[in-house]
Structures are given as C-alpha cells and as structure tokens.
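Enquirer: Let me see the structure of the following:
(4 chains)
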Number of protein chains: 2
Amino acid sequence: MNRPRPRLKDIAASTGFSTNTVSLALRGSPLVTDETRQLIEEAAAKVNYQPNEIAKSLVQRQSRSIGLVLTNITNPILTHTAQAIETMLSKRGYSTLFATSDNNVENEIQALDALQGRRVDGILIFPADHHRLAHIERLNNFHLPTVLLASAPGATLDVVSVKERQGARDATIHLIQLGHTRIGIIDSGHWMGNAQKLQGYLDALAQAGIASDEALIIKKSGYSPNLGREAMDELMAAKDQPTAIFASNDAFAFGVLDWCRMHGLAVPEDLSVIGFDNIEFSAYAATPLTTVGYDPKELAGLAVERLLYLIEQGDAQTAPLFQQIDLEIVLRKSTGPRRENQS
Amino acid sequence: MNRPRPRLKDIAASTGFSTNTVSLALRGSPLVTDETRQLIEEAAAKVNYQPNEIAKSLVQRQSRSIGLVLTNITNPILTHTAQAIETMLSKRGYSTLFATSDNNVENEIQALDALQGRRVDGILIFPADHHRLAHIERLNNFHLPTVLLASAPGATLDVVSVKERQGARDATIHLIQLGHTRIGIIDSGHWMGNAQKLQGYLDALAQAGIASDEALIIKKSGYSPNLGREAMDELMAAKDQPTAIFASNDAFAFGVLDWCRMHGLAVPEDLSVIGFDNIEFSAYAATPLTTVGYDPKELAGLAVERLLYLIEQGDAQTAPLFQQIDLEIVLRKSTGPRRENQS
DNA sequence: ATGAAAGCGCTAACAG
DNA sequence: CTGTTAGCGCTTTCAT
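Expert: Model prediction:
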C-alpha cells in the first residue's frame, strides 16, 4: 500500500499520452477528446492522483492560500470570525494559513515573514498594536493585498471592522437614558482597541452634558475577567462611585459581575453593567449580560470579499477602502434604571 | 517601491557569484568564505530577500507545514488547543494550515484532500465522526503522519486525547459522594465524543451499586447551551426526577443552569450540576460551575511532539501510540449535598 | 571555495 | 487535438 505519490508523468506513462495532455485532460480542457479524457481520468482515479499544489503554485506564481493573523484566540468573537473566514475562503478555493501574534509585535513580524516566505496571496490581520503598523503597511511594497480587521488610526491599508466608536456611544447613551450620570469605563487600552471606544464614551457624555471624570476611566491591556475585577477595585475606590459601568469587552464585564458578587452588590439594582462583543456566553453569565454585539459572519464576509477583490485586481492599485459594520445593543438583565438612593 | 520579489538569481547577478554560492552562503554553509558570505548577506538584506518556501518545498519534498483540522470552534477549549498547537509548531519552524469540518464528514474529506494537495507534512485532527475514520486512516497509505486528537474506538492511528472515561467516572463519583443517586447525564452523542463519557458514568454507577435508568440518559449532538436546556425538559419530565446532572460539556451545563433559573430551581440546593472541559467562563456562570478540566497546552504539546516525531521518522513504521492526559475536578459552586427533602 | 547542470512536478507557449 | 520544450525558484550532485 505504501507507494509514493503519483505524478502527472506516471499517469502519462500508464496511458501513453504526454504529461501535457494528461494535465489538460485533468483540468477539463475542451481541447482534449472526451474519449481520451475518460481514459486519463480513470487512470488518475485508479492511482488516487492528487495534483501537487506546490508545483502548481510555483509555476503559476500564486499559492491560492491566504494568511490569517490573529492576536490570540481567547476572545470567542475572534474565533468565530476566524472560522467564518476559513469557511468562506475554502469555498472560494483558498487555503488559510494561520498564525497568532499573542499581541506582540515581534511575533507579528515573524508571522508575517513566514507567511510571505510561503507566498500567500493575501493577508487578513488583527493587528497586535494599532499604533505600530509600519511592518504591515510595508507588505504593499510587494503587492501583497492586505486587509486590517480593526480600525487603526491613519492606516493606509484596507480596513474592515466594526463601528466601535458608535457602538460605545450607543452603550453609554443607553446607560444615560436609564438615569446614570456616574458612568465608569473599562477600556482595553491601545491594543485590541484603539481610542475608538473611549471616544464613543466621551461623545455620549459630552452630548448629554455630563462632565467626564478621569477617576472613572480605567485602562487595562488584555482580555480577561481578572482585569475587569482589578478595574473595579480602582473604580469603586472613587469618592463618588459610579452607578454604571461600560466594559469594552464581555470578559471585562464578567469580571465586573464577579466583583459585584464578591462584594454583595446586586446587578442591576446596585450597579448597571454593559459589555461589548456579545459573545455567546454572555447570555449565561451571573447576570445575563446586556452588551453591544455584531455578526462575526458579516465582518468575515466583507473582509474576505475585499481581500479576494484586491487579489484579483493584481497590480492595479486601488485606493484603500474603509468599511465598518453596524453594532446593536442586545438588551438582557445587567442594566437598569438608576435608583434614587444609589450612591 | 513596487518591485517584484528578488530571487537567488538576482542577488547572484548583483554580487557576481553563482546562485549556488548564494544559496549556500545564505544557509550558512561552512563551505563558503566568511568574506563572501558577508557580501552576499548584505546584498540580500538590501533587497529584502526572502527565500521562496514554495520552491524549497518542491525540491525538498517537504513543505514544513502541517494541517490542523477542527470540527468547529465554538468550544473554547478547542480554540485554546488550536492556538497552543500553532504556537508550538511555529517555534519548530512549521506553518499551520487550518480547516474546519463543522462536524461534517464530507467537509472533512474535502479539507483533507486540500491539505494533501498542499503536501502538508503531517495532520492533526479532531475527527468529525468517531465512527467514520476510514478516510483518515487512508492517509497512512501515503506515509502522511497523522494524530487524532480524540480517542476513537479501534483507531489504527496515533491518538492524543484526554481520559474522558475516567474523567466522567470521577465526575459521577463526585455526585454520588454528595449523596446523589438519581443522576442524569447529558451526553454529546457520538461526535465530539464517543461513548467514553457515558461509559465512565455507567462505571461509576455500577461501582456504587446504583442501577442506571434510561430516562436519565439524554443524548444531544452539538455544542450549545440550548441543547442543555432541551435535555433538561426531557430529564425533568421523568417521574423520579434527578437531583444531579452530569453535563458532558460546559455549554450543556450552562443550558442546565439557565433552565434552573427559568424554572426557579436553586443550584446546587435543588439540583447539582457538573460540567466538562473547564472553559474559562465556567467560573463566571450563573452559578460558578464545578467541572472537570484539563490543560489544553498539555494536550497540544503531546500531540505536536508526537506528530513531529512521526515526521522525523519518515518511512520507518512505528506502531500507533495511544496517549491520554489526566483530568481533574475543579470544584466550584454548582454541586452540593443531596438534601433529605429533595425530590 | 565556487560554478555548472540537473531536476523537483507542474503549466504555458508553441508546434504540428 | 496532442506532443515538445522551456521554465517557475530553489537545492543537490558533481566538477573544478
């Protein structure tokens, strides 16, 4: 059973045709007779012939593979996006090489090098650091189509992301409409997030005529409930405590909920909390989480379409496109009206 | 800025050496003078030379890439495993091509074909269906090292997985020790699970002299809290209701917790529930979930080591190795002693 | 210590 | 319609 993989040449030899004819036949060229095609197909099937895509890639100068670079996959919304991307790409005949940067620019550079070495036809990337994009933008020098999956400030690349600023604003407005004026934000700092969410939060406050307070703005780098708990320690140390919290991702929000459980605060009676991302689990949290969500498939679809378009364009330079999808608030149980007696 | 990618030949031309010398120099061969190596390295750096791994793969007949096939990535424990795999592989100089079968054998076959076409050096796979492995086992015909990431009954392939049966037995024993005798199981049917967990559950019951009851055994195919809820509808319809539930994955357990919340049952006072996998969020569930967990990195490490070993072995046939890692119960709040007045 | 030639498995002209 | 030739970018004998 242990044979070496059959080549075009082998099936050429066994059928008596030339490798060229075999190649054409197998690719369904109209130039070859039905009769010979049939012969060739049979011979190919008999030995379980599978074309060597590597050889094909070499001669065609395209690998029909793309690179997907993620920061890390502890955030389920990213993995859903990743899976959707892979599925769509696979339907279009592309393989996906994946790599993780773990939010580290050095790793990211290495990953990009490896992908370039493998001559991927394009790259989809969640950047590790929204302020260090030079190594990504440099990909353009080699005509390597790239789309960013997060809106980085001043990027000269194509972007497909979510309307973070607007989503954050809507979340904050939701809290304001419930009567809250002391609203804390736990922002994810500059990676996995730029200043967009913070901006949206400030927009909402300004619009409602509420002064922002530095003591209510906490930055945490990472994605973990622990960070949410830590942030709460700081937030609730303020003299004038917040009555509502906007957590810039659901993991932070879980940390907040847990902090409340530990400290005997009822949600939403004593504290309202709203998250961001609407990961599947948010419906099953200690208090079902109100959060702002989006459809990862929509994001994936847009990104894949755009990337494939850029690939097909080839050398024809196209101006970078900036696309963002809508978010919407998913109302559950973790937000409620501010009570009179509240702090 | 828009140049084509430099080749060995180009930097040979610019330095006056032959492509062969350049190739040797860049790979650090001792055959070439330090002086010329330096010259060549400079020239290469100047044009940002990156070797074409595709060409390399073709001539060396190895791609230094492996295929990772997942069922789907809604289960966070799988994504953690996947990330750990990618990270380890990347450290060893391997790229990872990833594909998802969505628990569908047809998709799985397609994915495997694509990976073979790309001439991956090995495959790591969570099989879609533990009873349909023929297409995977066939990979051996082409010397394609493969390791299964789930213990399939009677597989003739290498396996690295968790001690599901023992973990399930331990979980059930835990409930029995708390005084429960009416213990329901929500099993994940035959994919993403074989009969191992059910077996472990039955083992524990038998060992304690408790008769098993068909009415307490529910099978659900999939990974979603909804299925847990559905199962509860069936389970609690029994005349003699269970006082404890073993959910074969954490998502099911969340569904159970949610069902309890909807029906006014207190956990663990009215019902104990234990999950499986210990996903990160289980600590933040409506009731912090007691569950049986393992370290995905350990699983990933074992799998990668084994695969790489098989790859290095080359044609030397080695008997399939069956490895399983330990599980341990993570005690939280969702299990408690059976009360006297309980059902 | 360096160069020339061959070839990995395939597709792409170009003939006939 | 089918065969011949060349070449993708690299490594690998084999010379020198």
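Enquirer: Wondering if the strand or helix carrying A:Q38 reaches DNA strand D at all.
Expert: According to DSSP states H and E, A:Q38 maps onto helix A:34-46. Yes. Counting by Cβ under 7 Å from any atom of the strand, DNA strand D has neighbours in helix A:34-46: A:35-36. All C-beta spots, glycine's among them, are computed from the backbone N, C-alpha and C.
Enquirer: Tell me who's in contact with A:E35.
Expert: By Cβ atoms under 8 Å, 6 or more residues apart in numbering or on different chains, the contact set of A:E35 is empty.
Enquirer: Beyond the helix holding A:Q38, next helix or strand please.
Expert: Later in the chain than helix A:34-46, the nearest helix or strand by DSSP H and E is helix A:53-60.
Enquirer: Run through the neighbouring helices and strands of that next one.
Expert: Contact here means 3 or more Cβ pairs under 8 Å, 6 or more residues apart in numbering or on different chains; DSSP states H and E; on that basis helix A:53-60 packs against helix B:53-60.
Enquirer: those strands in the stretch 201-343 of chain A, which residues are they?
Expert: Under the criterion DSSP state E, counting those that start in this stretch, the stretch 201-343 of chain A carries strands at the ranges A:217-219, A:244-247, A:272-277, A:290-293, A:322-325, A:328-330.
Enquirer: out of those strands, deepest packed?
Expert: strand A:244-247 (a mean of 32; mean count of other Cβ atoms under 10 Å in any protein chain shown).
Enquirer: Now do that one: which elements does it pack against?
Expert: helix A:164-177, strand A:183-187, helix A:225-235, helix A:250-263, strand A:272-277.
Enquirer: How many residues are close by A:T21?
Expert: Counted with other Cβ atoms under 10 Å in any protein chain shown, residues neighbouring A:T21 total 20.
Enquirer: Point to the helix or strand of chain A where mean pLDDT is at its lowest.
Expert: helix A:134-137 (a mean of 89; mean pLDDT, DSSP states H and E).
Enquirer: Would you indicate which residues of it are buried?
Expert: Neighbour-count burial for helix A:134-137, counted by 16 or more other Cβ atoms under 10 Å in any protein chain shown, picks out A:I136.
Enquirer: Now the element after that helix, going C-ward?
Expert: Per DSSP H and E, the first helix or strand lying C-terminal to helix A:134-137 is strand A:146-148.
Enquirer: Please work out the average pLDDT along that following strand.
Expert: Mean pLDDT, computed over strand A:146-148, is 96.
Enquirer: Tell me the helix or strand right after that strand.
Expert: The first helix or strand that comes after strand A:146-148 along the chain, using DSSP H and E, is strand A:158-162.
Enquirer: What separation is there between A:Y223 and DNA strand C?
Expert: Using Cβ to the nearest atom of the strand, to the nearest Å, A:Y223 is found at 43 Å from DNA strand C.
Enquirer: residues in contact with the spatially most central residue of chain A?
Expert: Nearest to the geometric centre of chain A sits A:L78, at 4.7 Å (Cα atoms, centre = their mean). Counting by Cβ under 8 Å, 6+ apart, A:L78 makes contact with A:70-72, A:126.
Enquirer: A:N194 too?
Expert: By Cβ under 8 Å, 6+ apart, the residues touching A:N194 are A:130-131, A:150-153, A:164.
Enquirer: now do A:R132
Expert: For A:R132, the contacting residues are A:V105, by Cβ under 8 Å, 6+ apart.
Enquirer: which secondary structure element contains A:V69?
Expert: strand A:65-70.
Enquirer: what packs against that strand?
Expert: Packed next to strand A:65-70, using 3+ Cβ pairs under 8 Å, 6+ apart, are helix A:76-91, strand A:95-100, helix A:105-117, strand A:122-125.
Enquirer: Quick check: buried residues in the shortest one?
Expert: Okay, so that is strand A:122-125. A:122-125.
Enquirer: roughly how far is the helix holding A:Q38 from the heart of the chain?
Expert: 44 Å (Cα atoms, centre = their mean, to the nearest Å).
Enquirer: Report the rounded mean pLDDT for that helix.
Expert: Taken as a whole, helix A:34-46 carries a mean pLDDT of 91.
Enquirer: and chain A, which residues reach DNA strand D?
Expert: Counting by Cβ under 7 Å from any atom of the strand, the positions of chain A adjacent to DNA strand D are A:16-21, A:24-25, A:31-33, A:35-36, A:55, A:58-59, A:61.
Enquirer: Let's see that with 10 Å instead.
Expert: A:8, A:12, A:15-25, A:29-37, A:39-40, A:54-61, A:117, A:119 (Cβ under 10 Å from any atom of the strand).
Enquirer: and the residues you listed, which are buried?
Expert: Taking 16+ other Cβ under 10 Å as the criterion, what is buried in these is A:8, A:12, A:15, A:17, A:21-25, A:32, A:36-37, A:39-40, A:54-58, A:117, A:119.
Enquirer: in the top helix by length along chain A, what counts as buried?
Expert: Secondary structure of chain A per DSSP state H: the longest helix is helix A:296-313. Buried residues in helix A:296-313, defined by neighbour count with 16+ other Cβ under 10 Å: A:296, A:299-304, A:306-308, A:310-311.
Enquirer: Reformat those residues as TSV; add distance to DNA strand C.
Expert: Formatted as TSV, the buried residues of helix A:296-313 follow (distance: Cβ to the nearest atom of the strand, whole Å):
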residue	distance to DNA strand C
A:P296	35
A:L299	33
A:A300	29
A:G301	29
A:L302	30
A:A303	28
A:V304	24
A:R306	25
A:L307	22
A:L308	19
A:L310	21
A:I311	16
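Enquirer: Sketch out the low-pLDDT regions of chain A for me.
Expert: A:1-3, A:190-193, A:340-343 (pLDDT under 70).
Enquirer: I'd like to know how far the residue of it most remote from its centre sits from A:V22.
Expert: Here chain A reaches farthest from its C-alpha mean at A:G16, the gap being 50.9 Å by Cα atoms, centre = their mean. Noted for A:G16: a distance of 10 Å to A:V22, by Cβ to Cβ, to the nearest Å.
Enquirer: repeat for A:K56
Expert: Counting by Cβ to Cβ, the separation of A:K56 from A:V22 is 14 Å.
Enquirer: and what of A:R261?
Expert: Here A:R261 is placed at a distance of 68 Å from A:V22 (Cβ to Cβ).
Enquirer: again with A:D158
Expert: For A:D158 relative to A:V22 (Cβ to Cβ), the value is 40 Å.
Enquirer: and stretch A:166-177, C-alpha only, in PDB?
Expert: Extracted C-alpha coordinates of stretch A:166-177, given in PDB (Å, rounded to 0.1, in the frame of the first residue of the first chain):
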ATOM      1  CA  GLN A 166     -20.600  54.400  17.600                       C
ATOM      2  CA  GLY A 167     -21.200  51.200  19.500                       C
ATOM      3  CA  ALA A 168     -19.500  52.600  22.500                       C
ATOM      4  CA  ARG A 169     -21.500  55.800  22.200                       C
ATOM      5  CA  ASP A 170     -24.800  53.900  22.000                       C
ATOM      6  CA  ALA A 171     -23.900  51.800  25.000                       C
ATOM      7  CA  THR A 172     -23.100  54.900  27.100                       C
ATOM      8  CA  ILE A 173     -26.300  56.600  25.900                       C
ATOM      9  CA  HIS A 174     -28.200  53.500  26.900                       C
ATOM     10  CA  LEU A 175     -26.900  54.000  30.500                       C
ATOM     11  CA  ILE A 176     -27.500  57.700  30.400                       C
ATOM     12  CA  GLN A 177     -31.100  57.100  29.400                       C
END
